[in-house]
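>>> When you get a sec, could you give me coordinates for this:
(chains A and B)
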There are 2 protein chains.
Amino acid sequence: MPDETAVPVVYLNGDFVSQEKALISAEDRGFYFADGVYEVIKYYNGKSFRYQDHLSRLKDSIDGVRISFTKFSELQELCNELIRKNFLEEEQAGVYIQVTRGVAPRIHRFPGNDVSPTLYIRAFPLPSNEENLQNGIRVITRDDIRWLRCNIKSIALLPNTMIFQEAVEEGAGECLLVRNGFYTEATHSNVMMVMDGTVYTHPDGNLVLPGITKKVVREICMESGIPLVERPVAFSETSSFSECFITGTGSEVMPVIQINDQPVGDGIPGIITRKLQAEFRKLTTNN
Amino acid sequence: MPDETAVPVVYLNGDFVSQEKALISAEDRGFYFADGVYEVIKYYNGKSFRYQDHLSRLKDSIDGVRISFTKFSELQELCNELIRKNFLEEEQAGVYIQVTRGVAPRIHRFPGNDVSPTLYIRAFPLPSNEENLQNGIRVITRDDIRWLRCNIKSIALLPNTMIFQEAVEEGAGECLLVRNGFYTEATHSNVMMVMDGTVYTHPDGNLVLPGITKKVVREICMESGIPLVERPVAFSETSSFSECFITGTGSEVMPVIQINDQPVGDGIPGIITRKLQAEFRKLTTNN
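A predicted model of the protein is given here:
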């Protein structure tokens, strides 16, 4: 049994240390410039889910910001080791990986190749939110004020946190983002909507993160014969949604039952959402 | 005389420590989320220049991201103390102030009021770049991919660093940013252009930082009878620029003599730029 009072063990630049001893130089470019990227991987039954997809996306993010990180082959064992060291094999858990460009005096230009990237990894309990998965959540909408490379999973998350905080203060579970009149995604999940039996979601590109759970849902739709169309959905179409849900590594397939003050469909999770949730759960249960 | 080999002394959360001992928790929201803001103040003759303007902008940034930081009245003495401790009274120096929302487990929503903001301040030599001020610099242009709250001086500077690096690699001194066909500013300075004897610059608002040096130049224009119009200038107007310059705490009034492959005007710093430089130098010399 895990010791509930134990301080988590994390990994930082070659060492496993207690969380409180994981200290970063104030000159880390992650701290000065948000010059880094991250990834979150969920473990079901002690095993990572869709690890290769997360690894691939991490590589894309690192390429996107041009960090010269090469230790990709070591990551899976480090993640697994953190699951073990934190006694998380028996529960649903998450592993968070952060890579920054490293420590260098504060000037905007990239440092030379003598500067090594910072690698920080931690594991933590990440149980499915059964209550919300069952009942669905209410969401609000806000303008998407983020940068124009949202396909890069960067740590420059200030807008996401500011907007999510507004959702929290309005008693909502997420905030859908709208850019130029079209839904993009949410502060830390993708969004999909159902109209006339078809699932819609924003196509991958520079305005949204290429979600792993979104990809899994896409596969489930294909296998289940549920039509899925990737196109930007206008905010003005909101009243036509019969169902809506968000997807994400933490959110899984989470029903949205109300957008701002308007119920979605009948105001309860819809039949397609339920089907996708069930198929998704089969995959994670059999992980 | 300063010891050139001495490690700088910085301030972190109540203590003056050597730079190498300035360590941040990996759980600082500045490191996880870029959840923080900063300010850079220049010292001429051992005295801060336009301190109240910088303090006011820092307050605006902190309000903009809703960090509950209150120690504004202590900042000036801390900055001055760092100038002294680092033997910078006799040279041009900069003081960098960074405030983050503090240390808390990684969830997007803001932590409670029991979490104190992180305050980190450092001082460093910041001499005017006399060669570039004399000769002017070449700049490139890129799409402005940043977020839509550029009036907040946040540490979410990943796009700025990525774009500035492109300028470096093209041998340029800065990169002007263009959003929807209009110049906004540069990666870490404002931009102004001269057409038919009038100075133009983007109006303050959510697309640009309200520059302190820009404000000083505005005042100089008023006093010198140089017409200044604040409106977005189209990229398509570039060939009409007789002069161009960038402004910033580090850049001061820096002539731009070439934009991409096109010389600006005669390809040398122009008469209005020279006048503004001279008046700006009077102010800093008499600081």
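>>> residue contacts, the residue of chain A most remote from its centre?
Centroid-distance maximum for chain A: A:Asp114 at 31.5 Å, with Cα atoms, centre = their mean. Residues near A:Asp114 by Cβ atoms under 8 Å, 6 or more residues apart in numbering or on different chains: none. C-beta coordinates here come from the backbone N, C-alpha and C atoms, glycine included.
>>> Same check on the one 4 residues further on?
If a contact means Cβ under 8 Å, 6+ apart, then A:Thr118 has A:Leu12, A:Asn13, A:Ile24, A:Asp28, A:Gly30, A:Gly36, A:Gln98, A:Val99, A:Thr100, A:Arg101, A:Gly102, A:Val103 as its contacts.
>>> From B:Thr100, how far out is it?
From A:Thr118 across to B:Thr100, the span is 17 Å (Cβ to Cβ, to the nearest Å).
>>> model confidence over stretch A:257-269, on average?
The average pLDDT for stretch A:257-269 rounds to 98.
>>> Kindly apply the preceding question to stretch A:210-230 instead.
Computed over stretch A:210-230, the mean pLDDT rounds to 98.
>>> Stretch A:170-182 now?
Throughout stretch A:170-182, pLDDT has a mean value of 98.
>>> That one: how far from the chain's middle?
From the chain centre to the centre of stretch A:170-182 is a distance of 16 Å (Cα atoms, centre = their mean, to the nearest Å).
>>> Then stretch A:161-179?
Here the centre of stretch A:161-179 is set off from its chain's centre by 15 Å, with Cα atoms, centre = their mean.
>>> ok, residues contacting it?
Defining contact as Cβ under 8 Å, 6+ apart, one finds that stretch A:161-179 is touched by A:132, A:137-146, A:183-189, A:191, A:207, A:235, A:246, A:251, A:254, A:256, A:259, B:29, B:33, B:35, B:65-66, B:108-110.
>>> Which of these fall within strands?
Within those, residues falling in strands by DSSP state E are A:137-143, A:183-186, A:191, A:246, A:254, A:256, A:259.
>>> Report the buried members of those.
Among the ones in strands among the contacts of stretch A:161-179, those scoring as buried are A:137-142, A:183-186, A:191, A:246, A:254, A:256, A:259 (criterion: 16 or more other Cβ atoms under 10 Å in any protein chain shown).
>>> Just the terminal-to-terminal distance for stretch A:149-160.
Distance across stretch A:149-160, first residue to last, is 14 Å (Cα to Cα, to the nearest Å).
>>> That stretch and chain B, are they touching?
Yes - using Cβ under 8 Å from any Cβ of the partner chain, stretch A:149-160 reaches chain B at A:Arg149, A:Ser154, A:Ile155, A:Ala156, A:Leu157, A:Leu158, A:Pro159, A:Asn160.
>>> how about these, which pair is most distant?
The most widely separated members of the residues of stretch A:149-160 next to chain B, counting by Cβ to Cβ, are A:Arg149 and A:Leu158 (14.7 Å).
>>> With neighbour numbers in mind, choose between those two.
Set A:Arg149 next to A:Leu158 and count neighbours by other Cβ atoms under 10 Å in any protein chain shown: A:Leu158 wins out with 27 against 18.
>>> Correct me if wrong: the more buried one contacts B:Tyr32.
No - judged on Cβ atoms under 8 Å, A:Leu158 makes no contact with B:Tyr32 at a distance of 10.4 Å.
>>> Any regions of the stretch 101-250 of chain A where pLDDT drops low?
Applying pLDDT under 70 to the stretch 101-250 of chain A picks out no residues at all.
>>> Name the residues of it found near chain B, please.
Listed as neighbours of chain B in the stretch 101-250 of chain A under the rule Cβ under 8 Å from any Cβ: A:106, A:108-110, A:120, A:122, A:143, A:145-149, A:154-162, A:164-165, A:168, A:187-188.
>>> Sitting in helices, which of those residues do you find?
Residues of those located in helices (DSSP state H): A:Leu158, A:Pro159, A:Asn160, A:Thr161, A:Met162, A:Phe164, A:Gln165, A:Val168.
>>> out of those residues, which is most surrounded?
Tallying neighbours with other Cβ under 10 Å puts A:Leu158 at the head of those, with 27 neighbours.
>>> how far away is that one from A:Thr187?
Computed as Cβ to Cβ, the A:Leu158 to A:Thr187 distance reads 11 Å.
>>> now A:Val103
The gap separating A:Val103 from A:Thr187 is 29 Å, by Cβ to Cβ.
>>> When those two are compared, which one has more neighbours?
Per other Cβ under 10 Å, whichever of A:Val103 and A:Thr187 has more neighbours is A:Thr187, with 24 against 21.
>>> my guess is that one meets A:Arg146, correct?
No - A:Thr187 is beyond contact range of A:Arg146, at 9.1 Å (criterion: Cβ under 8 Å).
>>> shared neighbours of the two, anything?
In terms of Cβ under 8 Å, 6+ apart, A:Thr187 and A:Arg146 are both contacted by the residues A:Asn160, A:Leu177.
>>> Make sure the residue farthest from the centre of chain A is indeed in a helix.
No - applying DSSP: H, G, I helix; E, B strand; the rest coil, one finds A:Asp114 to be coil, outside a helix.
>>> residues near A:Pro232, how many?
Neighbouring residues of A:Pro232 were enumerated by other Cβ under 10 Å; the total is 17.
>>> And for A:Val37?
By other Cβ under 10 Å, 29 other residues sit near A:Val37.
>>> do the one 3 residues further on as well
Residues contacting A:Val40 under the criterion other Cβ under 10 Å number 19.
>>> Setting the sequence-adjacent residues aside, check what's closest to A:Tyr32.
Sequence neighbours aside, A:Arg106 is the residue nearest to A:Tyr32 in space, at 5.0 Å (criterion: Cβ to Cβ, 6 or more residues apart in numbering or on different chains).
>>> what sits against that neighbour?
Going by Cβ under 8 Å, 6+ apart, A:Arg106 touches A:Glu27, A:Tyr32, A:Phe33, B:Tyr96.
>>> now with 10 Å?
Under the criterion of Cβ atoms under 10 Å, 6 or more residues apart in numbering or on different chains, the neighbours of A:Arg106 are A:26-27, A:29, A:31-33, B:38, B:40, B:94, B:96, B:98, B:122, B:124.
>>> Over to A:Ser68?
A:Ile62, A:Arg101, A:Gly102, A:Phe110, A:Asn113, A:Val115, A:Ser116, A:Pro117.
>>> Which one (most neighbours) among these?
A:Arg101 (27 neighbours).
>>> how near is it to B:Val10?
Here the criterion is Cβ to Cβ. By it, A:Arg101 lies 20 Å from B:Val10.
>>> circling back: what is the nearest of the contacts of A:Ser68 to B:Asn286?
Closest approach to B:Asn286 among these (Cβ to Cβ): A:Phe110, at 37.9 Å.
>>> unless I'm mixing things up, that closest one is touching A:Ala104, no?
Yes - here A:Phe110 reaches A:Ala104: they are 8.4 Å apart, a contact under Cβ atoms under 10 Å.
>>> what's in contact with stretch A:8-16?
Stretch A:8-16 is contacted by residues A:17-24, A:71, A:75, A:78-79, A:81-82, A:84-88, A:95-98, A:102-103, A:116-125, B:26-27, B:105 when judged by Cβ under 10 Å, 6+ apart.
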